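A.B. asks: I'll drop the sequence and a predicted model, then ask my questions.
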Amino acid sequence: MSRIGKMPITLNDKVNVTYLDGKLTVKGKKGEMQYQTPTEVDLEITKTQINIKSDFTNSDGRRLGGTARVIIGNMVHGVSEGFEKDLELVGVGYRAQVSGKKLTLSLGFSHPIEYQLPALVDAQIDANTKIKLSSCDKQALGQTAAEIRSYRPPEPYKGKGVLFAKEQVRRKAGKTAKGSK
């Protein structure tokens with residue numbers, strides 16, 4: 001029984017929703033997103049909520065109905081309030097700069113890394129070491145944060161690298177001299 005798929009999605013007055021031929025368009029103050037619903041899923045839209053209509057008695061209906069409900073819920077939340085992810089650069093000389101849609105990272109390599117931000121993702125820099133990413137698309141935001149982190153993932157010996165905000169790195173003990181007690 002799909003509990004999440006059967007829950008309605010509440011809409012506020014700032015979100016405009018249109019549904020035509022299986023394509024859902026959600027507009028809000030933070031942006032506009034589109035989603036092509038699966039053929040097994042249908043939507044019932046009123047002024048205050050969206051209901052997912054699917055065959056919840058078989059496994060495909062439960063799976064697709066629950067997934068569609070979560071994706072549409074994230075779209076509605078994203079265009080009305082937005083999503084944010086914070087990254088921290090930990091290391092001597094590590095810093096970031098943003099100009100337009102280009103993020104320039106100095107992460108201890110011989111050259112700076114230039115990362116082109118996707119269209120729906122915006123970045124702000126605080127104190128040269130804190131990056132705040134924001135977007136209306138939760139998937140694009142998470143993918144962007146993961147790609148930035150992949151340039152210098154946190155290492156367990158000194159704790160240096162690109163970390164998510166408030167992330168704790170499990171530290172390992174370094175090498176000890178052989179025969180020392």
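C.D. replies: Structure's in. What do you need?

A.B. asks: State which strand of this protein is the longest.
C.D. replies: The longest strand of the chain (DSSP state E) is strand 83-90.

A.B. asks: Show me what that strand is packed up against.
C.D. replies: Contact here means 3 or more CB pairs under 8 Å, 6 or more residues apart in numbering; DSSP states H and E; on that basis strand 83-90 packs against strand 130-135, helix 138-150, strand 161-164. C-beta here means a position set from N, CA and C on the backbone, and glycine is covered the same way.

A.B. asks: how many neighbours does Asn12 have?
C.D. replies: If you count neighbours by other CB atoms under 10 Å, Asn12 ends up with 10.

A.B. asks: Dihedrals phi and psi, the closest residue in space to it that isn't next to it in sequence?
C.D. replies: Distances taken as CB to CB, 6 or more residues apart in numbering place Ser80 nearest to Asn12, at 6.1 Å, with adjacent residues excluded. In terms of degrees, to the nearest 10, the main-chain angles of Ser80 are phi -90, psi -40.

A.B. asks: Please report the distance of Ser80 from Thr176.
C.D. replies: Using CB to CB, to the nearest Å, we find Ser80 at a distance of 55 Å from Thr176.

A.B. asks: Looking at the two, which is more packed in?
C.D. replies: Ser80 (18 against 8).
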